[in-house]
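> this one's structure only:
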């Protein structure tokens, strides 16, 4: 049953490179939290070179036929960054949630995240997740944040280490600052988090709002790189952000000026 107690439109941006079987479970966990004006954007990338199709596109199309909220796009590029950029550019909701097959949403994810946006006024919200790793002897972790060494309150560095796409939601206006994704970056979610810190702020939810299955080679890259590689990437991203700062500050001034003109009228 769709949620009816909300007026704000939300968009869900899903990138499905594989894991066709898990795509159905993901969408099923999301649908009860949406209403009829919301949308789910699914971008399907091409299969790996030499690998047979696992019917991801066909399953996504079948979901779209059964669920009017769903729209499916295809990407010629397998790059996760390119696929998420296409998905985000296709979103129309005030708030955008990121997801991928292998995620399973807790029933209160949307309401909890939207409440945090409302009370904090930030541009991006990051929440915790539980992890399940079937290829590591079925190991499970009750907290993504804990994996990065968090004890009690998260430090600034630990928050940055925890920027994982499936745990991120953001206000649509923020995309003017982080898109297009710089070509040289590896971790799109780390880039989004760093940009949000400077242009709008980040709020943290320490409650796990998804259960995430990882470990088969098709997962969010941010979970597959070690901390040292992550920190090296963050340093590269900071340099890229500094180079784009003049451009981004211009975008900010234009938004402020536009808001002032609107308020005057």
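Yep, that arrived. Note that the structure is predicted; figures quoted are calculated from it, not measured.

> which residues in the protein form strands?
All strands of the chain, identified by DSSP state E, fall at 10-16, 39-44, 70-74, 95-99, 103-105, 124-133, 139-141, 168-171, 202-213.

> buried ones in the third one?
The reference is to strand 70-74. By neighbour count with 16 or more other CB atoms under 10 Å, strand 70-74 contains the buried residues 70, 72. No exception for glycine: its C-beta is placed from N, CA and C like everyone else's.

> With stretch 91-108 instead?
Within stretch 91-108, the residues that qualify as buried are 91, 93, 95-106, counting by 16+ other CB under 10 Å.

> quick one: residue 163 from residue 171, how far?
Using CB to CB, to the nearest Å, residue 163 is found at 16 Å from residue 171.

> that older thread, comparing the strands of the chain, which gets the lowest mean pLDDT score?
For those, mean pLDDT drops lowest on strand 139-141, to a mean of 81.

> What strands line up against it, and which way round?
Looking at strand 139-141 with DSSP bridges, its partner strands are strand 124-133 (antiparallel).

> How far off centre is the partner strand?
Centroid displacement of strand 124-133 relative to its chain, using CA atoms, centre = their mean, to the nearest Å, is 11 Å.

> the inter-axis angle of it versus strand 202-213?
Strand 124-133 and strand 202-213 are oriented at 20 degrees to each other (axes from the mean of the first three to the mean of the last three CA atoms, to 10 degrees).

> Look at residue 37 and say how many residues are nearby.
Residue 37 is flanked by 14 other residues according to other CB atoms under 10 Å.

> Can you report phi and psi for the residue nearest to it when sequence neighbours are not counted?
Nearest non-adjacent residue to residue 37, counting by CB to CB, 6 or more residues apart in numbering: residue 9, 5.1 Å away. Torsion angles at residue 9 (phi, psi; degrees, to the nearest 10) stand at phi -80, psi 130.

> wait, doesn't residue 143 sit right on residue 208?
Yes: in this structure, residue 143 is within contact of residue 208 by CB atoms under 8 Å, at 6.5 Å.

> Looking at these two, which is more packed in?
residue 208 (20 against 16).

> what's the distance between that one and residue 141?
10 Å.

> Spell out which residues are contacts of both of those two.
Both residue 208 and residue 141 are in contact with residue 130, where contact means CB atoms under 8 Å, 6 or more residues apart in numbering.
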